[in-house]
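Student: compute the structure for the input listed below.
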Amino acid sequence: MRLRKALLVAKKDWKEVFSSKLTLASFVLPYAIPMLIIFLLTAIASLAPGGLTPEELEHLRSILPGAEGLTEEQITAYLIGALILPLMFLLATLISSSTIAADSFAGEKERKTIEPLLAAPISEAELFLGKVLVSFIPSIALLYISFGISCLLVNALTAGIFGYLWFPTLNATLMVCLVGPPYAFLGMCLVIIGSTRASTVRDASNYAGVLILPILAILLAQLAGLMVMEAIHIVALAGLLALIDAMVFKLAYTTFNREELITRL
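Tutor: Alright, predicted model coming up:
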């Protein structure tokens, strides 16, 4: 498999996909979700005093890594910033990348450009990787940029509450920077597999929807105190996702059939 040929496929698609203002807006707008949460963080934290009983406060200190010794006002901001915000970045990246990944083959069908692509002298693995890179590279770049901006905003807006730079926490950094890329990659693979079977971009974009459920499950389990995500758990999760990515990617391109795709046109 030659990366150079895969990048040629990606470059071709970047010109087509990002020439659409609607697609570009759909790609960027999901990151408004974590940005909105940042501003809600400050508003909620400022109203926190008096809202928790001593027992509830002690419970939160016990289930949140690094929350020992925090005041009620601080722990409310910490809960939202360190626990909820990183998962919202995963969700935003999943939604954002799906916008472009759904266009991979379904968009080619709609634009009537898929026949020349399938006839190109390129292997199935190179073609599939090229389609993944179309959404993976800009999505992860935007993830890191928006997360960096969010770190500045969180610290600026909570300076009066903490009095020092506290965000990002180690777990938040690992969740976004280590878990984010392989989780998004998995979502892209699923959407692109769906794109080979779907007739429209809208139909293909639904294939990554199942990956929203684990994010919600982790969030609810942590808020309920049923599980505590330590740094070692997050690193292990990233490794597991990378292994799953490799298996799904291999399964995707080994079962990819150009002739069958043409017959569906």
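
Student: now for residue 85: which residues touch it?
Tutor: 34, 37, 38, 41, 150, 154, 172 (Cβ atoms under 8 Å, 6 or more residues apart in numbering). All C-beta spots, glycine's among them, are computed from the backbone N, C-alpha and C.

Student: what would these look like in a markdown table with secondary structure and distance to residue 224?
Tutor: As requested, those are exported to a markdown table (DSSP: H, G, I helix; E, B strand; the rest coil; distance: Cβ to Cβ, whole Å):
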| residue | secondary structure | distance to residue 224 |
| --- | --- | --- |
| 34 | helix | 22 |
| 37 | helix | 19 |
| 38 | helix | 24 |
| 41 | helix | 20 |
| 150 | helix | 25 |
| 154 | helix | 24 |
| 172 | helix | 19 |
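
Student: now the helices for the stretch 1-150 of the chain?
Tutor: Ranges of helices within the stretch 1-150 of the chain are 3-17, 21-28, 32-46, 54-63, 72-78, 85-101, 106-110, 114-118, 124-157, based on DSSP state H, counting those that start in this stretch.

Student: out of those helices, which one sits most buried?
Tutor: Of those, the one with the most neighbours on average (mean count of other Cβ atoms under 10 Å) is helix 85-101, at a mean of 25.

Student: which of the contacts of residue 85 scores worst on pLDDT?
Tutor: By pLDDT, residue 41 ranks lowest within the contacts of residue 85, coming in at 70.

Student: these two touch, right, that one and residue 79?
Tutor: No - the pair residue 41 and residue 79 does not pass the contact test of Cβ atoms under 8 Å, sitting 9.1 Å apart.

Student: next one: the closest residue to residue 97 other than its chain neighbours from residue 251, what distance?
Tutor: Among residues not flanking residue 97 along the chain, residue 139 sits closest, at 3.9 Å (Cβ to Cβ, 6 or more residues apart in numbering). Counting by Cβ to Cβ, to the nearest Å, the gap from residue 139 to residue 251 is 22 Å.
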